[in-house]
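Student: task: produce atomic coordinates for the following.
(one chain, ligands or ions: 1)
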Amino acid sequence: MNWGKDILLAFIFLLIATFCLISLMGINPKPPVEFKLDSEKPSNPWIIETIPDGGSIFSVLANLNLPLKEVGLLAFNFGDYIDVSTIQPGDTLKILLSEDKQHIAKMMFVQEPITRHHFTVSGDSLIYNLEALPVTKIKRILEGRLEDTLDASLLAMGFAPQDKQIINNSLETEINFARDARNGDFFRVFVEECIFEGKTLPGRKIFYVQYSGKRTGTCELFRYEDAEENSVLNGLYTKEGKSCHSNGVGFPLSVIHLVSPFGKRIDPFYGTWAYHQGVDYRARYGTPVYAVANGKVTKAGYNSGFGNEICLKHPSGLLTQYAHLSSMSVRKGQSVKKGQIIGRVGATGRATGAHLHFGLIKGKKYINPANLKMVGTEKLNTTQMERFKTQQQTLLKNMENLQHPQAVAASTKK
Ligand SMILES: [Zn+2]
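Tutor: Residues are numbered from 1 along each chain as shown. Below you'll find the model as predicted:
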């Protein structure tokens, strides 16, 4: 017995001696110099990707060859936190892998440089944090004269593509540019801008658009904002309340919150890549679902994966599909009017939660509903019109104040 004790003591003594010797010789297994070198040259462990033109967060994730389990978790839950329709090319996706590179530890999505969505993978669930950097909001009136095309003129004034498109498309419903526009025509836009680090962010809120020309006359458009935030009615209208995006196709819901876009995505059930032949809009259980245009019911019944499903055929040849409904209020063969309630949102069939799957078929092919310009209403109703008139007055007053800032300052001093 004593033998073993002696050996142990000798061993401990040897260890202490070695340690003292190393300390005396100044050999440190982790000298502080090394730390300094590390902090001076940090290797960036984050995988950084930019959303390309026409790309989505899903297509970016698909191309990175990442651990599928976490990709599925992220892709499937992403839409619960971020309205995917707000994602723009140029937004950044950052991914941090675990030390053994076998798992995704964190994901960060940076939108319009100011919004940072943080996702941390914790076992089978996600922890989400939103970080919003402070911006300065200013209202401005921008004026210009037409040179060649309105598009080029707006571009020269620094309008982002999506803002330009709204102004262009809206005015085109009222003005025949090819026939009536002339160089030197006058236009004025009243916007709210978000400024971050001295730069204007894309996605200006457009309150008012005016276009005046010899042949076009004067056209004025005003923004209407419904009581409900994100209402499909929000947008530009003529003074009389006529929508500027009218092409006869409406929205299937009164508030649109896209959670899963058209195209390649992770199948929420199988965890493998699949093609999504439509879009998913999140909505509460029982929310009314509207026919997007006049048409005839070609299908109204249970269809395995799609659950309660309604299909409509429209005179233009377009087919629309509404799936996972909790209830259906139309029968096969029946004619429906645009805006009529045909059923209610549910989670029947292959659905993990209440949402509307909306599909569009054109010429036997599924097409992306995001490519179809849909309109909240062709014309505001009486109640909405009253609200709109008040908003028009406020808008004009705000513009007047902006043009005469001195007068405002003087009157507030008194
Ligand atoms: Zn779907």
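Student: the residue of the chain found nearest the ion: neighbouring residues, count only.
Tutor: Proximity of the chain to the ion (CB to the ion) peaks at H357, 3.4 Å away. Bear in mind the C-beta positions are built from the backbone N, C-alpha and C, glycine included. When neighbours are counted by other CB atoms under 10 Å, H357 registers 23.
Student: please renumber the chain so that the first residue is 416 from this point on.
Tutor: I'll keep to 416 as the first residue from here, and by that count the last item is H772.
Student: pretty sure it contacts D695?
Tutor: Yes - with contact defined as CB atoms under 8 Å, H772 reaches D695; the gap is 5.5 Å.
Student: where does Y690 fall, secondary structure wise?
Tutor: strand 688-691 (DSSP states H and E).
Student: can you name every helix or strand that that strand contacts?
Tutor: In this structure, strand 688-691 packs against strand 678-681, with contacts taken as 3 or more CB pairs under 8 Å, 6 or more residues apart in numbering; DSSP states H and E.
Student: let me see the mean pLDDT of stretch 641-648.
Tutor: Mean per-residue pLDDT for stretch 641-648: 87.
Student: show me which residues of that stretch are buried.
Tutor: Burial within stretch 641-648, assessed by neighbour count using 16 or more other CB atoms under 10 Å, is assigned to D641, S646, V647, L648.
Student: does any part of the helix or strand following the strand holding Y690 sit near the ion?
Tutor: For strand 688-691, the following helix or strand on the C-terminal side (DSSP H and E) is strand 694-697. Yes - Strand 694-697 is in contact with the ion by CB under 5 Å from the ion, via D695.
Student: identify the residues contacting strand 694-697?
Tutor: Residues outside strand 694-697 that contact it (CB atoms under 8 Å, 6 or more residues apart in numbering): 494-495, 667-668, 671-677, 768-774, 783-785.
Student: list only buried entries from the residues you listed.
Tutor: Among the contacts of strand 694-697, the ones that count as buried by 16+ other CB under 10 Å are 494, 667-668, 671, 673-677, 769-774, 784.
Student: pick out the most distant pair among those residues.
Tutor: F677 and A769 (19.9 Å; CB to CB).
Student: re earlier: now, which of the contacts of strand 694-697 lie within helices?
Tutor: G494, D495 (DSSP state H).
Student: chain center to stretch 524-539, what's the gap?
Tutor: 14 Å (CA atoms, centre = their mean, to the nearest Å).
Student: meant to ask about stretch 636-645, not that
Tutor: That offset, for stretch 636-645, works out to 18 Å (CA atoms, centre = their mean).
Student: give me the contact list for it.
Tutor: If you take CB under 8 Å, 6+ apart as the criterion, stretch 636-645 is touched by 585-586, 589, 620-625, 646, 648-654, 656, 659, 669-672, 795, 799, 802-803, 806-807, 810.
Student: if you set the cut-off to 7 Å instead, what comes out?
Tutor: With CB atoms under 7 Å, 6 or more residues apart in numbering as the test, stretch 636-645 has contacts from 585, 621-624, 648-654, 659, 670, 672, 795, 803, 806-807, 810.
Student: lovely, talk soon.
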